[in-house]
Each structure stands twice: as structure tokens, then as C-alpha cells.
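Enquirer: Dropping the sequence and predicted coords here.
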Amino acid sequence: MLIAQELNVGFIPVRKPNKLPYEIISATDDLEYGTDTLEIHTDAIQKGDRILLHDDVLATGVTAKAVCELFASLGGEIVQSNFLKELAFLNGKAKIKDNDIFAAITS
């Protein structure tokens, strides 16, 4: 949220189930240890909105892929995916390979 404030742009929360009020859409993906679901407000993105995806860690890429799918389903265009850290040995980049990806730290 601080990045959005500093850039003077909007902030779109993507959360685990039952954390967001109002109308939502969700994406559920299979993980190596079960399933995971993420939700976003249906009115968070308008067709053609340009979006910066920012998350703390890129690991397996499952969460990032689900977020990208949610954004795309609402008509958003991801211009870049930023992560504080990438766990390169898990090859998460492969799941979002069509994105411009940046990680401040890669290990």
C-alpha cells in the first residue's frame, strides 16, 4: 500500500477467502500441499487498467499466476510483476513467464 501511495496510484487488495466485503471473484489453484483460493473485488479493475503486481516472495508461482488470472478476467493488463525476493530454485517465473518480472533479491 505504501508503494501505491508513493506512486500516487490505486491499490487493489487480493486476499484469502472471506476477508473482503462486497462482491468478489475468486481463483483456486492446486498447491503441492492442497489448494489455495484468492479473492478480489469485482469492481477493482476496469478493462484496460494497467497494473503493477507486487508481492513479497515469488516461490512456486502458483499465487502470482492466480492473481494474474484474476486481474486478466477483469480486463486488467499487468505491466510488471515485482517481488522483494525470488526463490529461483522453485522456478516460479515459469508460471508467469509472459510478465516482465523483477525481484530485488534472488536466491
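Expert: Happy to help now that I have it.
Enquirer: longest helix of this protein?
Expert: In the chain, with assignment by DSSP state H, the single longest helix is helix 62-73.
Enquirer: Tell me which helix or strand comes right after that helix.
Expert: Scanning forward in sequence from helix 62-73 by DSSP states H and E, the next helix or strand is strand 77-86.
Enquirer: looking just at contacts, which helices and strands does the next helix or strand after that next one meet?
Expert: Note on strand 77-86: by DSSP H and E, the next helix or strand toward the C-terminus is strand 101-106. Counting contacts by 3 or more C-beta pairs under 8 Å, 6 or more residues apart in numbering; DSSP states H and E, strand 101-106 is packed against strand 77-86. For glycine as for every other residue, the C-beta is placed from the backbone atoms N, C-alpha and C.
Enquirer: so the strand it packs on versus helix 62-73, what angle?
Expert: On the basis of axes from the mean of the first three to the mean of the last three C-alpha atoms, to 10 degrees, strand 77-86 is oriented at 170 degrees to helix 62-73.
Enquirer: just checking, what packs against strand 77-86?
Expert: Using 3+ C-beta pairs under 8 Å, 6+ apart, strand 77-86 is in contact with strand 50-58, helix 62-73, strand 101-106.
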